[in-house]
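Just need the structure, nothing else, for what follows:
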Amino acid sequence: MKNLFFAGAAACALCFSATVASAQTELSRNQIINSLQGAQQKVEVSADALQRAALENIQKYPGADSPQTIPMYQQLASLRQFNIEITFDFDSARIRPESYEAVGLIADALHTPYLQGQTFFIVGHTDAKGDRTYNLELSQRRAQAIREALVTTFQVPGSTLFAVGLGEEQLRDPADPFAAVNRRVQLINMGYN
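Numbering: from 1, shown residues only. Presented below is the predicted three-dimensional model:
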């Protein structure tokens, strides 16, 4: 009977810790704000130049995987940024309904005084499944879809948002190019206009 009690107590403790861990990983507006706000250096990179650099990387290093990162992208690493998973319909730029809450939290954060008037790149990333050029185009369409949702549905000023698709050119986990962690949307604070 004593072992049964300890087994039950251990199971309850495990459930509680799983619940606490789950609560800690839930996305909040404040997490987004805290990740994006703060003083930082100015980096002179345009969304168009970054997009072109990704395409040039594919052309310069053809094949299944790129051996190189995009040097221009490395300049952005020091900037305030936030990664989030937004789900889309398969092989589509249609945002899944369950991801609109996350898009809404992004909008709430961008509407706060802490972030108003600043410019942001919305960077779409894919995993390494499929053709690199196709992934680049798909990630651009997906980044654009998020920008459009923020502007039209959530009234974030369009002049502050720039969509960039990088496909699989900047994997978050290069050791596992097919990992889900590589499929993400990244917000990068480019500072004040």
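
Please look at Arg96 and Asp89 and confirm they touch.
Yes. If you go by CB atoms under 8 Å, Arg96 and Asp89 touch, sitting 6.4 Å apart. Backbone N, C-alpha and C define where each C-beta goes, glycine included.

Of those two, which one has the most company?
Applying other CB atoms under 10 Å to Arg96 and Asp89 shows that Arg96 carries more neighbours, namely 12 against 9.

Which residue is the nearest non-sequential neighbour of that one?
Thr87 (4.2 Å; CB to CB, 6 or more residues apart in numbering).

and the one you found, what does it touch?
Thr87 makes contact with Ile95, Arg96, Glu98, Ser99 under the criterion CB atoms under 8 Å, 6 or more residues apart in numbering.

Tell me the most packed of those residues, by neighbour count.
Ile95 (20 neighbours).

List the contacts of that one.
Ile95 touches Ile86, Thr87, Phe88, Val103, Ala145, Ile146, Ala149, counting by CB under 8 Å, 6+ apart.

okay, now the fifth one: neighbour count?
I take that to be Ala145. 21.

how close does it get to Ala175?
From Ala145 over to Ala175 the distance is 29 Å, taken as CB to CB, to the nearest Å.

again with the third one
Spatial separation of Phe88 from Ala175 under the definition CB to CB is 25 Å.

Give me the more crowded residue out of the two.
Set Phe88 next to Ala175 and count neighbours by other CB under 10 Å: Phe88 wins out with 19 against 6.
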